[in-house]
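S.K.: Provided below are the primary sequence and the corresponding predicted coordinates.
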Amino acid sequence: MNGILFVLVALTWGSSFLFMKIGLEGLSPQQVALGRVLLGAVTLVVILLATRRRWPRSPRLWGHLLVVAVFLNAIPSSLVAWAEQTVPSGLASIYNATTPIMVLLAMPLLLPSERLRGKQLVGVLLGIVGVLVLVGPWDLIGDPAVLATVPAQLALLGMTACYGFGLAYMRRFVAGSGHDAITLTTVQLTLGAGLMLLVAPFTALSPVQLDWRIVAAMVALGCVGTGLAYMWNTGLVQAWGAARASTVTYLTPVVGVVLGVLVLGERIRWNEPVGGVVILLGIALASGVVRWRRPVRTPQHA
């Protein structure tokens, strides 16, 4: 059963970049961002009520979850939707794989005891090299089309930086609250949707063109990718632990790239998958999935 959940999370999160690309065919970036968070919040509120869980009563906890909602939902959802106007969905999914690197960089800011050491630092540096390969600076001068995507690629790095800070903040201030993950995520998404609705009159009132593809993509993106996937991932964390469950990061870029090529006919540059592999190697090293061993010296006898 857990293996099925693992595959579902990988497929859902990997395909979310395709669904955003389809949603942008008839919606503005901010409308896509608002739609996914709002639909995700509604889905989890229904689950919360159906399972008779109680809303947290601590104002302090709601304040912390408001910060989490800003950095895990409101800002990154807007950045990735804006970026996908000019970058392929597959490239966006590869950039999303830098999230664990951003978490490692953010942890010392909120948890001084979590300083980067040894192989973690090497893994982070390797991940940064992977990002440089991914961008392909040698193409920026010679190809105007590549140069035009730089702001979007920076926005994608901003997205994962927000994820990194938000996840570190959650661990520091929310993890020990005593509430289960579904309850906390429901509050988080509800607050995120509320914030985005407040600014919607200024950011999300452009004309809308809907057809069945766009509606289906937004339902999948919001209800499944932003709602149910949280619940599935929570089940994996409870069953396998955070370290093993986080290996879903290795599959989501593969799903995103393959769907972008097969469904949208996107073309990828050689350095994009290469950069993605280097990033994943850096994550594997920093997280302890890949270990190095010091050579054992054998005693020499005269």
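M.R.: Noted; the coordinates are in hand.

S.K.: which residues sit in contact with L195?
M.R.: In this structure, L195 makes contact with 66, 69-70, 74, judged by C-beta atoms under 8 Å, 6 or more residues apart in numbering. Just so you know, the C-beta spots here come from the backbone N, C-alpha and C atoms, and that holds for glycine as well.

S.K.: for those residues, which one is nearest Y230?
M.R.: When the contacts of L195 are compared for distance to Y230 (C-beta to C-beta), A69 wins out at 12.9 Å.

S.K.: Just confirm that closest one contacts T186, I think it does.
M.R.: No. With the criterion set as C-beta atoms under 8 Å, A69 and T186 do not qualify as a contacting pair; they are 11.1 Å apart.

S.K.: Which of these two has more residues huddled nearby?
M.R.: Taking A69 and T186 together and counting by other C-beta atoms under 10 Å, T186 has the greater number of neighbours (28 against 25).

S.K.: Just the element for the more buried one, please.
M.R.: Here T186, judged by DSSP states H and E, is contained in helix 181-203.

S.K.: ok so, going back, which of the contacts of L195 tops the neighbour count?
M.R.: Most crowded among the contacts of L195, counting by other C-beta under 10 Å, is A69 at 25 neighbours.

S.K.: Could you pull up the residues touching L167?
M.R.: The neighbourhood of L167, defined by C-beta under 8 Å, 6+ apart, consists of 72, 99, 103, 106.

S.K.: Save these as JSON lines, and put in distance to G227, secondary structure and pLDDT too.
M.R.: Conversion of these to JSON lines gives the following (distance: C-beta to C-beta, whole Å; DSSP: H, G, I helix; E, B strand; the rest coil; pLDDT from 0 to 100):
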{"residue": "L72", "distance to G227": "14", "secondary structure": "helix", "pLDDT": "91"}
{"residue": "T99", "distance to G227": "19", "secondary structure": "helix", "pLDDT": "86"}
{"residue": "V103", "distance to G227": "22", "secondary structure": "helix", "pLDDT": "84"}
{"residue": "A106", "distance to G227": "25", "secondary structure": "helix", "pLDDT": "88"}
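
S.K.: mind listing what the nearest residue to V254 once chain neighbours are set aside touches?
M.R.: The spatially closest residue to V254, leaving aside those adjacent along the chain, is G14, at 6.9 Å (C-beta to C-beta, 6 or more residues apart in numbering). Contacts were defined as C-beta under 8 Å, 6+ apart; by that measure G14 touches 93, 251-256, 259.

S.K.: which SSE is the residue nearest to A200 when sequence neighbours are not counted in?
M.R.: Here the nearest residue to A200 in space, its sequence neighbours aside, is L34; by C-beta to C-beta, 6+ apart that works out to 5.9 Å. When secondary structure is defined by DSSP H and E, L34 falls within helix 29-50.

S.K.: Give me the mean pLDDT for the helix or strand where Y230 lies.
M.R.: With elements taken from DSSP H and E, the one containing Y230 is helix 229-240. Taken as a whole, helix 229-240 has a mean pLDDT of 74.

S.K.: Can you list the neighbours in contact with that helix?
M.R.: Residues outside helix 229-240 that contact it (C-beta under 8 Å, 6+ apart): 2, 5-6, 8-9, 12-13, 40, 44, 47, 180-182, 185, 189, 244-245, 248.

S.K.: Tell me who's in contact with the closest residue in space to G256 that isn't next to it in sequence.
M.R.: If you skip the residues right next to it in sequence, G256 has S93 as its closest partner in space, 2.4 Å away by C-beta to C-beta, 6+ apart. Contacts here follow C-beta under 8 Å, 6+ apart; on that basis S93 touches 14, 17, 252-253, 255-257, 260.

S.K.: Give me the pLDDT for S93.
M.R.: According to the prediction, S93 has pLDDT 92.

S.K.: Is it part of a helix or strand, or is it coil?
M.R.: Assigned with DSSP: H, G, I helix; E, B strand; the rest coil, S93 falls in the helix class.

S.K.: which pair in the contacts of L195 spans the largest distance?
M.R.: For these, the farthest-apart pair by C-beta to C-beta is L66 and A74; their separation is 9.8 Å.

S.K.: Kindly state the pLDDT recorded for Q300?
M.R.: In this model, Q300 is scored at 54, pLDDT.

S.K.: now A155
M.R.: Confidence score, pLDDT, at A155: 97.
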